[in-house]
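Engineer: my questions concern the predicted model and sequence given below.
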Amino acid sequence: MAGSYRRALQETVAHFSGWRPSLTDIDKLKGEGMWNNDWDASLEFLRRRGAILPKRNDLIKIFSGFYFGGDPEGDPNHWMGFIHDEPLLVDQGFFTTLTVRGWRWGFVSGAESPSARYVLHQRLGLIDPPLIAMGDAPDKPDPTGLIRLADRLIAGGSPQLIAYIGDTVADVKTVMNARRLRPEHTWQSFAVNPPHVRDTATYQQKLRDAGADQVLTHTFDLLNLF
């Protein structure tokens with residue numbers, strides 16, 4: 001869901017400042033590992049540009065207008081925003097393969113719950129997958145959401161490995177933080193290069209510098225590792 005969220009971020013910043021950050025600008029900001037929440041990232045861009053900062057709720061309203069184009073809690077069929085244009089980077093078969101291979105899986109997403117549910121349920125056809133969305137836990141890189149999901153999937157067992165795949169520095173740092181808090185488990189960070197990134201080499205190096213155990217070109221590459 002990164003592409004449509006980034007478009008909403010661009011338009012939100014432009015709405016309040018007249019300046020539209022490029023995708024490279026967004027990648028650089030995200031590369032700092034602190035701005036996983038796109039509302040906070042929008043406010044940070046405005047602060048750095050010296051713009052008058054809107055109230056957070058006002059910014060969220062504008063952002064949601066671009067992203068959802070309708071009531072986030074309403075019927076997704078009535079949404080007219082960028083969310084409908086989001087390309088999918090995986091398909092239902094990816095998760096079927098994980099299940100067949102004995103992997104338990106779920107999602108820790110920085111997206112709002114209506115957005116995450118829409119993509120998972122309606123576009124991917126997944127039936128009530130385990131999900132920690134925005135508001136269910138502190139924003140990444142705080143590892144609370146990841147640890148909570150892992151505990152749910154483990155269900156008292158002793159897993160050989162807990163792996164998390166994400167495409168931001170914050171995702172990688174979330175795994176590093178979980179590793180420090182719960183050292184009794186083996187945690188691995190698989191970072192994937194998002195398709196919108198222009199400077200692939202630089203972005204991949206930032207993921208490695210943050211601690212990623214492996215950087216993948218595509219999410220499907222994960223299936224070749226196990």
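Structural biologist: Structure's in. What do you need? Numbering: from 1, shown residues only.
Engineer: only C-alpha atoms for contact and neighbour calcs from this point on.
Structural biologist: OK.
Engineer: by residue count, what's the longest helix in this protein?
Structural biologist: helix 2-17 (DSSP state H).
Engineer: helices or strands up against that helix?
Structural biologist: Helix 2-17 sits against helix 38-48, helix 56-67, with contacts defined as 3 or more C-alpha pairs under 8 Å, 6 or more residues apart in numbering; DSSP states H and E.
Engineer: got the contact list for whatever helix or strand comes next after that helix?
Structural biologist: Counting by DSSP states H and E, the element after helix 2-17 in chain order, helix or strand, is helix 23-30. Surrounding helix 23-30, the residues in contact under the criterion C-alpha atoms under 8 Å, 6 or more residues apart in numbering are R6, W35, N36, A41, T168, V169, A170, H196, V197, R198, D199, Y203.
Engineer: need these in TSV (columns: distance to H15 and pLDDT).
Structural biologist: Formatted as TSV, those follow (distance: C-alpha to C-alpha, whole Å; pLDDT from 0 to 100):
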residue	distance to H15	pLDDT
R6	14	91
W35	20	89
N36	21	85
A41	14	96
T168	25	91
V169	27	93
A170	26	93
H196	22	76
V197	23	79
R198	24	74
D199	27	81
Y203	28	89
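Engineer: show me which of those are buried.
Structural biologist: Buried by 16 or more other C-alpha atoms under 10 Å: R6, W35, N36, A41, T168, V169, A170, Y203, out of these.
Engineer: what comes up buried for the worst-scoring helix or strand of the chain on mean pLDDT?
Structural biologist: Ranking every helix and strand in the chain by mean pLDDT, DSSP states H and E puts helix 23-30 at the bottom, with a mean of 89. Counting neighbours by 16+ other C-alpha under 10 Å, one finds that the buried residues in helix 23-30 are L23, I26, D27, L29, K30.
Engineer: what comes up buried for stretch 57-71?
Structural biologist: Within stretch 57-71, the residues scored as buried using 16+ other C-alpha under 10 Å are L59, I60, I62, F63, S64, G65, F66, Y67, F68, G69, G70.
Engineer: state the mean pLDDT of stretch 217-226.
Structural biologist: Regarding stretch 217-226, the rounded mean pLDDT is 91.
Engineer: again, but for stretch 52-71
Structural biologist: When pLDDT is averaged over stretch 52-71, the result is 96.
Engineer: residues in contact with whichever strand or helix holds P114: which ones?
Structural biologist: With elements taken from DSSP H and E, the one containing P114 is helix 113-117. Contacts with helix 113-117, where a contact means C-alpha under 8 Å, 6+ apart, come from P72, E73, I83, S109, A133, M134.
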